[in-house]
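Student: one predicted model, sequence on top.
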Amino acid sequence: MSDVKARRRRDVLLMMRRRVAITAAEHRSHSLDDATALWSLQLELEQTIQDEFPDLHEEQFGLWAVEELSYEHPPGVLTPGCSLCEAIAAEVQINLELPQAA
């Protein structure tokens, strides 16, 4: 694979992994049934990254764990930054934004 194609493949895999990781964490936080399927997809993407880009996987793995924790929140707590919470808040017209300091 050419360097350009390899970089493009790497970037797409990283982007997909991040999107799936965020979605999986949000679905776990809301106890949705498909959270396990999303987590499995995340693991498959991470395995593909490990197979195709082992150095990148080794470099990123610890960072992913820390980042992933930041996406989760306690069930029942509407949280800014969670797309599901923001959709719920918009539907019931709740403002999730923190007040700005004067």
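Tutor: All right, it came through fine. Because the structure is predicted, anything quoted here is derived from the model rather than measured.

Student: when you work out contacts or count neighbours from here on, use the C-alpha atoms and nothing else.
Tutor: Will do.

Student: from residue 85, how far out is residue 95?
Tutor: Using CA to CA, to the nearest Å, one gets 11 Å for the distance from residue 95 to residue 85.

Student: which of these two has more neighbours?
Tutor: More crowded of residue 95 and residue 85, by other CA atoms under 10 Å: residue 85, with 20 against 11.

Student: so that one makes contact with residue 76?
Tutor: No: with contacts counted by CA atoms under 8 Å, residue 85 stays clear of residue 76, the gap being 9.4 Å.

Student: who's in contact with the most centrally placed residue in the chain?
Tutor: Residue closest to the mean C-alpha point of the chain, counted by CA atoms, centre = their mean, is residue 22 at 1.8 Å. Applying CA atoms under 8 Å, 6 or more residues apart in numbering, one finds that residue 22 lies in contact with 68, 71.

Student: and the gap between it and residue 33?
Tutor: To residue 33, residue 22 is 16 Å away according to CA to CA.

Student: next one: residue 84
Tutor: Distance, residue 84 to residue 33, by CA to CA: 14 Å.

Student: what's the burial count for residue 20?
Tutor: Using other CA under 10 Å as the criterion, residue 20 is surrounded by 19 other residues.

Student: isn't it right next to residue 44, touching?
Tutor: No: between residue 20 and residue 44 no contact is recorded; they are 10.6 Å apart, counting by CA under 8 Å.

Student: now that we're looking at residue 99, what pLDDT does it have?
Tutor: The per-residue pLDDT reported for residue 99 equals 69.

Student: ok now the one helix or strand residue 7 maps to, how far from the chain's centre?
Tutor: In this assignment (DSSP states H and E), residue 7 forms part of helix 3-29. Relative to its parent chain, helix 3-29 has a centroid offset of 8 Å by CA atoms, centre = their mean, to the nearest Å.

Student: following element in sequence after it, please.
Tutor: Where DSSP H and E defines the elements, the next helix or strand beyond helix 3-29 is helix 35-52.

Student: which helices and strands does that next one pack with?
Tutor: Helix 35-52 makes packing contacts with helix 3-29, helix 54-71 when contacts are defined by 3 or more CA pairs under 8 Å, 6 or more residues apart in numbering; DSSP states H and E.
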